[in-house]
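**Q** Sequence plus predicted model, see below.
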Amino acid sequence: MSDYRSSSSKPFINVTPLIDVLLVVLIIFMVASPLKPHSFAAKLLAEPDRTEDLEPNPKTLVVTIEPDRTLKLNALTDMGTVDDTSKLSVRLTALFQERKQNRVYSDAMMLRPDVPEDRRIEKTVFVKAPRSMSYGDVAKVIDGIKGAGANPVGLQLDALD
């Protein structure tokens, strides 16, 4: 009797079809990746309803970038410039701390005790800038606002006051 083990060949896995499948999957991902959207859609009213007289929310914070590159926070005028947002950041940080001490919650989080208090505080800030202002200058101001802890930061259109 001959030894069965010595006469048989060792099994091996042919990886050539696996490499072909991997190549096809790689090509599919390479073709599909540019199809991801690279922009976002914003929903705006076509024509605002001017018949209603709405009172502004007292919790609303609006940072206005003036054409001379100075910054205003609501009625406060000396909040620095586009190149130096430190005054604005310090004022916003102090304001958010004051709101935390006074428990000034956002309307959506008023009845949500399950959410941590830091997330319940109203920290929404709107940025209003002239259309002639460059995107980079507006981004600098948004960075300063975000650094102060504001979230979310919205953009306000020119025609809206």
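**A** It's in. Residues are numbered from 1 along each chain as shown.
**Q** Just checking, which helix or strand succeeds the helix or strand of the chain with the lowest mean pLDDT along the chain?
**A** Of the helices and strands making up the chain, the lowest-confidence element is helix 4-7, at a mean of 59, by mean pLDDT, DSSP states H and E. As assigned by DSSP states H and E, the chain's next helix or strand after helix 4-7 is helix 16-32.
**Q** after that next one, next one along is what?
**A** Following helix 16-32 in sequence, per DSSP H and E, is strand 61-65.
**Q** Could you give the bridge partners of K72?
**A** K72 has these beta-bridge partners by DSSP bridges: T64.
**Q** list the contacts for it?
**A** Shown in contact with K72 (CB atoms under 8 Å, 6 or more residues apart in numbering): V63, T64, E66, M79. Every residue, glycine included, has its C-beta placed from N, CA and C.
**Q** Not counting its neighbours along the chain, what's nearest the third one?
**A** With sequence-adjacent residues excluded and distances taken as CB to CB, 6 or more residues apart in numbering, E66 is closest to K72, at 6.6 Å.
**Q** The one you found and M79, how far apart?
**A** 6 Å (CB to CB, to the nearest Å).
**Q** same deal with F96?
**A** 15 Å.
**Q** before we move on, what about D118?
**A** As judged by CB to CB, D118 and M79 stand 24 Å apart.
**Q** Looking at these two, which one has more neighbours?
**A** M79 (23 against 10; other CB atoms under 10 Å).
**Q** just to revisit the earlier point, quick check: of the contacts of K72, which lies closest to I27?
**A** V63 (47.8 Å; CB to CB).
**Q** Hmm, that closest one is touching L71, no?
**A** Yes. With contact defined as CB atoms under 8 Å, V63 reaches L71; the gap is 6.1 Å.
**Q** joint contacts of those two?
**A** Joint contacts of V63 and L71 (CB under 8 Å, 6+ apart) are M79, L88, V141.
**Q** just checking, next helix/strand downstream of the one helix or strand the last one maps to?
**A** According to DSSP H and E, V141 maps onto helix 135-147. Downstream of helix 135-147, the first helix or strand assigned by DSSP H and E is strand 153-156.
**Q** tell me the mean pLDDT for that following strand?
**A** Across strand 153-156, pLDDT averages out at 86.
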